[in-house]
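*Asks:* this one's sequence-less:
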């Protein structure tokens with residue numbers, strides 16, 4: 001049988017405390033990022049999906065009324081706008097996560113030099 005090693009438990013606890021301390025220090029350095037930043041991010045992501053979707057929907061309705069076809073322009077352009085909006089949101093979030101990672105790397109390098 002394996003006997004529990006008390007040192008192993010202490011090591012995990014120390015790692016967890018160290019990780020929490022690192023997060024708190026990063027949060028203190030980033031005072032400009034508040035709850036409003038998170039809500040703003042949700043807003044940007046939401047609008048970047050909604051606007052192309054609605055534009056596709058309205059363009060599809062207009063085409064269905066003025067240019068009848070054996071398929072539904074409304075459905076096709078709605079789905080196209082939705083896909084474009086999702087791609088736009090993904091691209092924006094990918095760009096923002098890259099900025100955050102670069103900022104953290106720079107902060108970590110600055111912290112190592114001190």
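*Replies:* Great, that's in hand. If you're wondering where the values come from, they're calculated on a predicted model, not measured in any experiment.
*Asks:* list the contacts for the residue nearest to the spatial centre of the chain?
*Replies:* The structure's the chain has its C-alpha centroid closest to residue 93; by C-alpha atoms, centre = their mean the separation is 4.3 Å. Applying C-beta atoms under 8 Å, 6 or more residues apart in numbering, we find residue 93 in contact with residue 45. Just so you know, the C-beta spots here come from the backbone N, C-alpha and C atoms, and that holds for glycine as well.
*Asks:* that one is in what secondary structure piece?
*Replies:* Using DSSP states H and E, residue 93 sits within helix 73-113.
*Asks:* so where's the chain shaky on pLDDT?
*Replies:* 1-10, 26-34, 100, 104-105, 107-114 (pLDDT under 70).
*Asks:* what about the residue nearest to the centre of the chain, distance to residue 25?
*Replies:* Residue 93 sits 25 Å away from residue 25, taking C-beta to C-beta, to the nearest Å as the criterion.
*Asks:* rewinding a little: what separates the helix holding residue 93 from the chain centre, distance-wise?
*Replies:* Remark: helix 73-113 is offset 6 Å from the chain centroid, using C-alpha atoms, centre = their mean, to the nearest Å.
*Asks:* before we move on, what about stretch 64-71?
*Replies:* Worked out by C-alpha atoms, centre = their mean, stretch 64-71 lies 38 Å from the chain centre.
*Asks:* may I see the buried residues of it?
*Replies:* Residues of stretch 64-71 classed as buried by neighbour count (16 or more other C-beta atoms under 10 Å): residue 64.
*Asks:* swap in stretch 77-89?
*Replies:* 77-78, 80-82, 84-85, 88-89.
*Asks:* give me the neighbour count for the residue lying closest to residue 44 once chain neighbours are set aside.
*Replies:* Of all residues not flanking residue 44 in the chain, residue 92 sits nearest, at 6.7 Å (C-beta to C-beta, 6 or more residues apart in numbering). By other C-beta atoms under 10 Å, 14 other residues sit near residue 92.
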